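**Q** Got a sequence here, can you build the structure:
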Amino acid sequence: MIYPPQGQGAESGGITTQSVVTSERAFGVEYQNNTGKPMWVAITTKVSKISNQAAAHRFYSDNVEVGAQNVPLITGYSIGDYYLVATTTFIVLPGKTYEATTSVASDTIENWTEWY
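**A** As a prediction, the model looks like this:
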């Protein structure tokens, strides 16, 4: 196999960059895709057991919900201070905005990666 696959390299405007931006991203903040190319976003979130409540994470592209994680109150099984780690992925078109929100302030973003 030729890498990158034909028609997907830099010369065709395909994905050429992977950027881990976890430290630069937060829940409830709207960002904009200024790359000039479609961007694939992967966000891994952790649900806190400290909050002792159900959680709702929502993901938006251009103010349209494109993903959701609805997590009921879970008791018993946990990984450290968290009950669940889940990943949501979505595409953001050039010039469009994107955002992740949470209903529980103690939930965290474990990883936020963007490919463009």
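
**Q** For the chain, give me the ranges with low pLDDT.
**A** The model of the chain has pLDDT under 70 over residues 1-13, 50-52, 73-79, 82-84.

**Q** Grab the most central residue of it for me.
**A** Compute the mean C-alpha point of the chain, and by Cα atoms, centre = their mean the closest residue is residue 43, 2.3 Å away.

**Q** Wait, residue 107 touches residue 55, no?
**A** Yes: in this structure, residue 107 is within contact of residue 55 by Cβ atoms under 8 Å, at 5.6 Å. (Glycine included, C-beta is placed from N, CA and C.)

**Q** so what's in contact with the two at the same time?
**A** 47, 48 (Cβ atoms under 8 Å, 6 or more residues apart in numbering).

**Q** strands paired with the helix or strand hosting residue 60, and their directions?
**A** With secondary structure defined by DSSP states H and E, residue 60 is part of strand 55-61. Using DSSP bridges, the strands paired with strand 55-61 in its sheet are strand 64-71 (antiparallel), strand 97-102 (antiparallel).
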